[in-house]
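[1] sharing a model that was predicted from the sequence below.
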Amino acid sequence: MSDWKPDWDRRLALKPFKKQRFHADLMENVEQRIKIVERKRSRHRFRRIAMIFIPALLLMLGAGIWFGGKEVPIHNPADPSPTTQGGGSFESSFELGGGGGFEWWSFDREGLQGNDDTIVKLALAFMNRELGIWGGPTPDIWETPEVKEPLERFDVSSPWVYEVYVQEVRTEEEQTVYRLRLQLRDSIPMVYQETIDITIRNNTHKISLIELVNTDETGTPLDEYESEAVKGRTVTLKEDPKMGLKITGTLSPNEGMIRSIRVQYKDKERIFQDWSNVNNDSYYPEAGLLTTLDNEEDVLAVIMTTGYGTGVHESVLRLLRSDFTEVKAADPVLTAESKIQADVKTEAGKRILRITLDGVTRTFEYNEEEAGIWQGEPALGSIVNYSVEGNTLYASIPAQVWQGEFPVAVRLRYEYDGTSFLVAEAMFEEI
């Protein structure tokens, strides 16, 4: 502990302050401030009381007026409710375009009544895969068990519905039709949309009819396109009497594209408003038949070209059954990108590229000055070539290292798995 210093006694003996610290005018100023604060507090308490009691008073007065003028309803069995009993009109509470995933449909929607409640149960059954087509639990929303048969493909592991949106509601005297837009995923993987019409009886709130709506890849119904293409010359794109196939289209003026492709296959025909092909007979569509499993019917493959140029070839593959329902195929570019590994090194003015695919490595060597701009890694996707060889589907995706230089391609062989065409084998292909 420190020793006591004599100077500390002297300091402690001094007065605290040599001069007066508070004058009369300072004290008066403090008192004035205290009065102002008190007045403000009083006004604040008054406001709080007014904010509580005035709305309560208005609410009581309004309730009294409303109850005083309300007539007691008299139930008349001959006049059924317009939303529930005896048919009649139904007014949906859904906002058009509303919807979402499982949380949206399951959160605080138990208060919905009538046909809207049926749609909620259907949406949740979609996402839980509880349509009951193959047995198992299902909500009591079907007029007959046969009604749900068009939904057979949605009651399996793939594709699965992960979002549902109410696109349109049409109310009639005895029924209400909901047009639903479904967001789907599958195991390939792909994400796409489909549209269905659900008809519900207004008196029973049971589903009486389900219709699948023909749409393009964005889920837009084809009947929303213009019923007739822009006037132009009809062009024959492909004709094969052996296959019973003829493909034509309409040449759009001043555009150089052939649109509104008409496919005549066997005894059926259909116009695909969203299909197109370049107006160059060297790039007119190719077609072939693909074999499937278990002696199912062949699938028609139509390969179209939508763009071409130096180092570019944009092609589109369409797969059709005889009833014109489409079959999906794995994306070739995404599949090839997932299967190759590339390594690039520079040494002594050389650029050495190694590409590995399923354990096989190819090496390419270039001088650094050969290219103005090098790709960081081989790029895939600027050229995609589909082909049908021996009733088998192939896709070739060249790897680009600089503009116009493609040292090698990835060749994919597809097989049908019962629902779609998946990649069964990937290999290098010389260019």
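    Received the coordinates, thanks. Every value quoted in this text rests on a predicted model; they were computed, and no experiment measured them. Numbers count the residues shown, from 1 in each chain.
[2] quick one: find the helix or strand in this protein with the lowest mean pLDDT.
    Taking mean pLDDT, DSSP states H and E as the measure, the helix or strand of the chain with the lowest value is helix 24-69, at a mean of 57.
[3] what about T361, neighbour count?
    Counted with other Cβ atoms under 10 Å, the neighbours of T361 add up to 11. All C-beta spots, glycine's among them, are computed from the backbone N, C-alpha and C.
[4] and the spatially most central residue of the chain, what's its pLDDT?
    Ranked by distance to the mean C-alpha position of the chain (Cα atoms, centre = their mean), the top residue is Q183 at 5.2 Å. Q183 is assigned a predicted lDDT (pLDDT) of 86.
[5] which SSE is the closest residue in space to R413 that isn't next to it in sequence in?
    Computed as Cβ to Cβ, 6 or more residues apart in numbering, the closest residue to R413 that is not its neighbour in sequence is E425, at 4.3 Å. Counting by DSSP states H and E, the secondary-structure element that holds E425 is strand 421-429.
[6] next one: that strand to chain centre, how far?
    Here strand 421-429 shows a centroid-to-chain-centroid distance of 28 Å under the convention Cα atoms, centre = their mean, to the nearest Å.
[7] and that strand, what's buried?
    Applying a neighbour-count criterion of 16 or more other Cβ atoms under 10 Å, one finds F421, L422, V423, A426, F428 buried in strand 421-429.
[8] what of stretch 126-146?
    By neighbour count with 16+ other Cβ under 10 Å, stretch 126-146 contains the buried residues F126, M127, R129, L131, G132, I133, T138, P139, I141, W142, E143.
[9] between those, which is nearest F107?
    Taking Cβ to Cβ as the measure, F107 sits nearest to M127 out of those, at 13.0 Å.
[10] show me the contacts for the nearest residue to that closest one once chain neighbours are set aside.
    Among residues not flanking M127 along the chain, F102 sits closest, at 4.9 Å (Cβ to Cβ, 6+ apart). With Cβ atoms under 8 Å, 6 or more residues apart in numbering as the criterion, the residues that contact F102 are L124, M127, N128, Y162.
[11] need phi/psi at F102.
    Torsion angles at F102 (phi, psi; degrees, to the nearest 10) stand at phi -60, psi -40.
[12] quick one, grab the pLDDT at it.
    In the predicted model, F102 carries a pLDDT score of 87.
[13] equivalent analysis for the one 3 residues further on, please.
    The predicted local confidence for W105 comes out at a pLDDT of 88.
[14] the spatially closest residue to it that is not a sequence neighbour: neighbour count?
    Here the nearest residue to W105 in space, its sequence neighbours aside, is A123; by Cβ to Cβ, 6+ apart that works out to 4.6 Å. Number of residues near A123 (other Cβ under 10 Å) recorded here: 25.
[15] and A123, that's in a helix?
    Yes - when DSSP: H, G, I helix; E, B strand; the rest coil is applied, A123 is found to be in a helix.
[16] please tell me how far it sits from T138.
    According to Cβ to Cβ, to the nearest Å, A123 and T138 sit 13 Å apart.
[17] returning to that earlier point: from the contacts of F102, which land in helices?
    With helices identified by DSSP state H, the entries of these that belong to them are L124, M127, N128.
[18] any figure for the gap between the closest residue to the last one other than its chain neighbours and S92?
    Nearest residue to N128 in three dimensions, chain neighbours excluded: F102, at 7.9 Å (Cβ to Cβ, 6+ apart). In this structure, F102 lies at 21 Å from S92, with Cβ to Cβ as the measure.
[19] got it, and K148?
    Distance from K148 to S92, counting by Cβ to Cβ: 21 Å.
[20] and for D267?
    Looking at D267 against S92, where the rule is Cβ to Cβ, the gap reads 41 Å.
[21] which of these two has more residues huddled nearby?
    Between D267 and S92, counted using other Cβ under 10 Å, S92 has the larger neighbour count: 18 against 7.
[22] count the residues that sit near the residue lying closest to N279 once chain neighbours are set aside.
    Leaving aside its chain neighbours, N279 sits nearest to G256 (4.9 Å; criterion: Cβ to Cβ, 6+ apart). In terms of burial, G256 registers 10 neighbours under the definition other Cβ under 10 Å.
[23] please apply the same query to E369.
    For E369, the number of neighbouring residues by other Cβ under 10 Å comes to 8.
[24] what sits against the residue nearest to it when sequence neighbours are not counted?
    With Cβ to Cβ, 6+ apart as the measure, G349 is the residue that lies nearest to E369, at 7.8 Å, once sequence neighbours are left out. G349 makes contact with N367, E368, E369, according to Cβ under 8 Å, 6+ apart.
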